[in-house]
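> Make a model of this:
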Amino acid sequence: MKNALLVSLVFFMALLVNCKPDKPFIEPPKDIVTKKKLDFYTEVQYGNMPLIISVPHGGTDDPSSISDRTCPNITTVTDSRTIELANAIDSVCKADYAIQPYLVISYLKRTKLDQNREINEATCSNSSIASIWNNYHLSIDSFITKILLKYPQALFVDLHGHGHTKQRLELGYLVSDSELRNPSSILPSSTSYYNMLLQNPFLSNNQFLTTPNAFGTLMANKNFPCVPSAQDPAPLLSDPYFDGGYNTQRYTSSVYPKVYGWQIESNFIGVRDNQTSRVNFAKAFLQSIMEFYSRNTSMQPSTFGK
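I've put the predicted structure just below:
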């Protein structure tokens, strides 16, 4: 029996030696792993570029073992298909640029846990799910640290979806709609891009909002209308508008002096409604991100992943 097993093993090894693949196997970078779950509801992915995408409100998992949140004045609506949108960005990034962003995704329904709120409001003081909140936010902390070992700054994007009538992207820089209508009232130190202004003093306050090099303008140039942008500088007085939440405030604050970013509230039609829309958005998003880096920072996308 042992001799037969030995003969089979030798034969198998000979096959491995003699069977050469059509293409050489390229080992992925050591800091790249496939998506993995830290718990039942938090999925992360290591990247090799200075971009973190957070998806806090796309989850639909609704376990009966976790109580619904009941604290006052909470929002529980799901940002439908934002997880699919983030996955489309990831897939296009890998296919078109051979690099990938860092991802942090919550699959738990917002009625159970809100990953865009501080821990007490997020859990409604339900200590049994505090570890899930911690897994999400400690992952972002860890990814920021990892990025800054290699790059001078990290870009943080909190990805959401809105249900407003106007089909456009709402970019949240912690600048209110009234401030956008009156740009001279904007206090740069309170914005989500202030850390980048400190690191790049040649940039102006409006560089992020309405100039040709603003992310919103770059997206609008690719047929994805944005506010703010050169094409649409500010919401009308009657327009609802999201200017950024807890995650954007936290991760672009002075506690993280080398992180800047914004919240994206994506419209449904033409962005999240089907896979074709999601892929088209992903291509425009990544092209705009690469242009943004090239035009506004010292980091050149050609060096990412190297």
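> which residues of the stretch 201-306 of the chain fall in strands?
Taking DSSP state E, counting those that start in this stretch as the criterion, the stretch 201-306 of the chain contains strands spanning 226-227, 259-266.
> would you turn those into a markdown table with distance to residue 102?
Every residue, glycine included, has its C-beta placed from N, CA and C. Formatted as a markdown table, the strands of the stretch 201-306 of the chain follow (distance: least, C-beta to C-beta, whole Å):
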| stretch | distance to residue 102 |
| --- | --- |
| strand 226-227 | 23 |
| strand 259-266 | 12 |
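> closest to residue 201 out of those strands?
With C-beta to C-beta, the closest approach to residue 201 among the strands of the stretch 201-306 of the chain belongs to strand 259-266: 13.8 Å.
> now the helices: where do they sit in the stretch 101-250 of the chain?
119-123, 130-148, 177-181, 194-199, 215-220, 246-251 (DSSP state H, counting those that start in this stretch).
> so what does the fourth one touch, helix or strand wise?
Spelled out, that is helix 194-199. strand 259-266 (3 or more C-beta pairs under 8 Å, 6 or more residues apart in numbering; DSSP states H and E).
> returning to that earlier point: so which of the helices of the stretch 101-250 of the chain comes closest to residue 43?
Closest approach to residue 43 among the helices of the stretch 101-250 of the chain (C-beta to C-beta): helix 130-148, 9.5 Å.
> Could you check the angle the closest one makes with strand 259-266?
Angular relation of helix 130-148 and strand 259-266 on a 0 to 180 degree scale: 120 degrees, by axes from the mean of the first three to the mean of the last three C-alpha atoms, to 10 degrees.
> Quick check: buried residues in helix 130-148?
By neighbour count on 16 or more other C-beta atoms under 10 Å, the buried set for helix 130-148 is 132-133, 135-137, 139-140, 143-144, 146-148.
> now swap in stretch 45-57 and tell me
Residues of stretch 45-57 classed as buried: 45-57 (neighbour count, 16+ other C-beta under 10 Å).
> pLDDT of it, averaged?
The average pLDDT within stretch 45-57 is 97.
> now the end-to-end length of stretch 157-169.
For stretch 157-169, the first-to-last residue distance is 13 Å (C-alpha to C-alpha, to the nearest Å).
> Residue 60: what's it in contact with?
Neighbouring residues of residue 60 by C-beta atoms under 8 Å, 6 or more residues apart in numbering: 78, 107, 109.
> Provide a ChimeraX selection command restricted to the buried entries of these.
Applied in ChimeraX, the following selects the buried portion of the contacts of residue 60 according to 16+ other C-beta under 10 Å:
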select :107,109
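> In a markdown table: the contacts of residue 60, plus pLDDT and distance to residue 71.
Formatted as a markdown table, the contacts of residue 60 follow (pLDDT from 0 to 100; distance: C-beta to C-beta, whole Å):
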| residue | pLDDT | distance to residue 71 |
| --- | --- | --- |
| 78 | 98 | 18 |
| 107 | 98 | 22 |
| 109 | 98 | 16 |
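> Residue 235: which of the contacts of residue 60 is nearest?
So of the contacts of residue 60, ranked by how close each gets to residue 235 (C-beta to C-beta), first place is residue 78, at 23.5 Å.
> what's near enough to touch that closest one?
Residue 78 touches 57-60, 109-110, counting by C-beta under 8 Å, 6+ apart.
> can you tell me which of these lies nearest to residue 221?
Of all the contacts of residue 78, residue 221 sits closest to residue 58, with 26.9 Å by C-beta to C-beta.
> and the closest one, which of the three is it?
coil (DSSP: H, G, I helix; E, B strand; the rest coil).
> correct me, but it touches residue 103?
No - because the distance of 11.5 Å does not satisfy C-beta atoms under 8 Å, residue 58 is recorded as not touching residue 103.
> Mutual contacts of the two, please.
Here residue 58 and residue 103 have residue 86 as joint contacts, going by C-beta under 8 Å, 6+ apart.
> Next one: residue 52 from residue 153, what distance?
As judged by C-beta to C-beta, to the nearest Å, residue 52 and residue 153 stand 12 Å apart.
> Kindly apply the preceding question to residue 243 instead.
The gap separating residue 243 from residue 153 is 22 Å, by C-beta to C-beta.
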